[in-house]
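Asks: Sequence and predicted model, in that order:
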Amino acid sequence: MKMMQWKVRPIPLMLLVPILMFTKVCYDWQSLIVPNVRINSTAPTKATRIQSLSNDLSVKANSSKIVKPFKWLSMFKYFAKGLIHKESPWKVPEEPNDRDLQPILAHPPKVWISLSVCFSGNTKYYKKENFPYLNATQMAVELWREVANLSTVVQVVYDKDGLNAPKLEEFNTYLRNHGSLVYPIVNNGGLDCSLKAQMQRIFVSHIPEIEDDDLVVTGDVDIFPMVPNILEELRRDYNIWLFQYALSETKHETFSMSFIAMTKALWKQLLPASTPEDTIQHFLPSILDKKMTWNYDQLIVSKVILQSGLCSLDPQNRLWKRLRLEPTDPQTSDVQTCYHGYRWWDCNKARTSTSSGCMMWHFHPDERVRDLTRKFKSILNSLEHS
């Protein structure tokens, strides 16, 4: 009796791709039927997709153990994600040739990098709950001093409940010992600690060490500077510097907090209140969504900057409508007041280079202390051999 022979035919590549894409979609959509999961009413922006491959359309609320259906799909999760979201080398938009730069000042003002971090916990958005923000803050402070020779001010927000006071003091002492100005900020309970920390970096009027004419630059603790001249354009004569302006110009996004610069006096003048809590209340009826607090800082800062008239965008840019603002007169130029940045794009583990080179490194939410330490040492080693 002749045995039957089974022939295994390989799946054609053209069929494999849609299968994996369908797998990824199924895996993401399983969150829709899992209990205790709140779906975001606002989809993540394109800028968020660029910065993190781990972003999801769902934001998981605090809950006990969640049982996920479709467990058999988990074997394809990372392969499918890598296939669909793989980032290619970023092509930086070209800077307009007809935009003249302002002259370099003979005596540029002192520059402060303004950072904030929540000591009491992490945000739950975009799977960032396990990212080592405190370690990142310590390394970022050192790199801003060693690489860029710039001063930092770190506002450390903490909750009173469950506070480990000795650990907080140890953390603050470490930052001070590495050249940073440190201001502990107790969270009064009006805001989530992480949200308050996000907002706090734009409020510096209460810090006497910073002069009114000093430049205050907002930054992120999970971004490491990589080159000494990363903010060299601050020597030019502008009122506001938007280092990732091209992102807003081409993708209609809010102005990226890394990096926005203006004097301490101008920050105070543009903001409608002196605290994060009061400022959020001021904008809640118009541009802020209570269900999605992650981008409050960029929405608020973008609105006050455009309202000031010191910076502008093309009248057709969708950000005007999003912020409920009337576009400025197309004949009005901000060439003397606003620096438009085109070369400041972050590199990361999925995009290790850009067409203008790597000026900063932005970590993904799934990276841990070992990843930060490896990059920290690499940047310092490159500095020593340059």
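Replies: Arrived safely. Residues are numbered from 1 along each chain as shown.
Asks: Domain boundaries for this structure, per the record?
Replies: Taking automatic domain parsing as the domain assignment, the ranges for the chain are 13-85, 111-384.
Asks: Just name the most buried of those.
Replies: Per residue and on average, the most neighbours among these fall to domain 111-384, with a mean of 18 (mean count of other Cβ atoms under 10 Å). No exception for glycine: its C-beta is placed from N, CA and C like everyone else's.
Asks: how long is it end to end?
Replies: Between the start and the finish of domain 111-384 there is a gap of 24 Å, counting by Cα to Cα, to the nearest Å.
Asks: could you give the mean pLDDT of it?
Replies: Mean per-residue pLDDT for domain 111-384: 95.
Asks: how far out from the middle of the chain is that domain?
Replies: Offset of domain 111-384 from its chain centre (Cα atoms, centre = their mean, to the nearest Å): 7 Å.
Asks: who's in contact with stretch 377-386?
Replies: Residues outside stretch 377-386 that contact it (Cβ atoms under 8 Å, 6 or more residues apart in numbering): Leu143, Glu146, Val147, Phe224, Pro225, Met226, Pro228, Trp361.
Asks: For Pro365, give its distance to Asn122.
Replies: Going from Pro365 to Asn122 by Cβ to Cβ, to the nearest Å gives 9 Å.
Asks: any shared contact partners between those two?
Replies: Each of Lys128, Asn130, Phe131 lies in contact with both Pro365 and Asn122 under the rule Cβ under 8 Å, 6+ apart.
Asks: if I look at the second one, how far off is Val147?
Replies: Separation of Asn130 from Val147 (Cβ to Cβ) stands at 27 Å.
Asks: Just the pLDDT for Cys26.
Replies: For Cys26, the pLDDT comes out at 48.
Asks: Same check on Ser63?
Replies: The confidence metric pLDDT takes the value 31 at Ser63.
Asks: go on, His85?
Replies: Predicted confidence (pLDDT) at His85: the value is 41.
Asks: same check, this time on Ser88
Replies: As predicted, Ser88 sits at a pLDDT of 46.
Asks: that older thread, for Glu211, state which of the contacts of stretch 377-386 is nearest.
Replies: Taking Cβ to Cβ as the measure, Glu211 lies nearest Pro225 of the contacts of stretch 377-386, at 22.9 Å.
Asks: which residues does that closest one contact?
Replies: Going by Cβ under 8 Å, 6+ apart, Pro225 touches Leu143, Trp144, Val147, Ala148, Met359, Met360, Ile379.
Asks: ok, it to His362 distance?
Replies: With distances taken as Cβ to Cβ, Pro225 is found 11 Å from His362.
Asks: again, but for Arg176
Replies: Relative to His362, Arg176 is positioned 26 Å away (Cβ to Cβ).
Asks: Quick one: the helices in this protein, in order.
Replies: All helices of the chain, identified by DSSP state H, fall at 13-29, 46-51, 77-85, 133-146, 165-177, 193-200, 245-251, 264-270, 276-283, 296-308, 319-322, 369-384.
Asks: circling back: among the contacts of stretch 377-386, which ones are in strands?
Replies: With strands defined by DSSP state E, the entries of the contacts of stretch 377-386 inside them are Phe224, Pro225, Trp361.
Asks: Now the first one. Nearest residue, chain neighbours left out?
Replies: Going back to what we said before, that points to Phe224. For Phe224, the nearest residue in space outside its immediate sequence neighbours is Trp361; the separation is 4.6 Å by Cβ to Cβ, 6 or more residues apart in numbering.
Asks: Quick check, the one you found in contact with Asp222.
Replies: No - counting by Cβ atoms under 8 Å, Trp361 stays clear of Asp222, with 9.2 Å between them.
Asks: So what pairs up with Val156 in the strands?
Replies: Partner residues in beta bridges with Val156: Val117, Pro184, with DSSP bridges as the criterion.
Asks: Contact partners for it?
Replies: So, once contact is read as Cβ under 8 Å, 6+ apart, Val156 ends up touching Ser116, Val117, Phe119, Leu168, Phe171, Asn172, Leu175, Val182, Tyr183, Pro184, Ile185.
Asks: cool, Val304 as well?
Replies: For Val304, the set of contacting residues under the criterion of Cβ under 8 Å, 6+ apart consists of Leu270, Leu271, Pro272.
Asks: cool, and Ser114?
Replies: Listed by Cβ under 8 Å, 6+ apart, the contact set of Ser114 reads Thr152, Val153, Gln155, Arg201, Ile202, Val204, Val216, Val217, Thr218, Gly219.
Asks: With respect to Leu313, which of the residues you listed is nearest?
Replies: Checking these against Leu313 by Cβ to Cβ gives Thr218 as the nearest, at 19.0 Å.
Asks: Quick check: the closest one vs Gln244, distance?
Replies: 11 Å.
Asks: any residues in contact with both of those two?
Replies: Any residue near both Thr218 and Gln244 by Cβ under 8 Å, 6+ apart counts here, and that gives Ser258, Phe259.
Asks: returning to that earlier point: tell me which two of the contacts of Val156 sit farthest apart.
Replies: The widest separation within these, taken as Cβ to Cβ, falls between Ser116 and Leu168 and amounts to 14.5 Å.
Asks: before we move on, the earlier item: among the domains of the chain, which comes closest to Ile104?
Replies: With Cβ to Cβ as the criterion, Ile104 lies closest to domain 111-384 of the domains of the chain, at 4.9 Å.
Asks: Distance to Glu94 added to the domains of the chain, as a markdown table?
Replies: Putting the domains of the chain into a markdown table (distance: least, Cβ to Cβ, whole Å) gives the following:
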| stretch | distance to Glu94 |
| --- | --- |
| domain 13-85 | 18 |
| domain 111-384 | 7 |
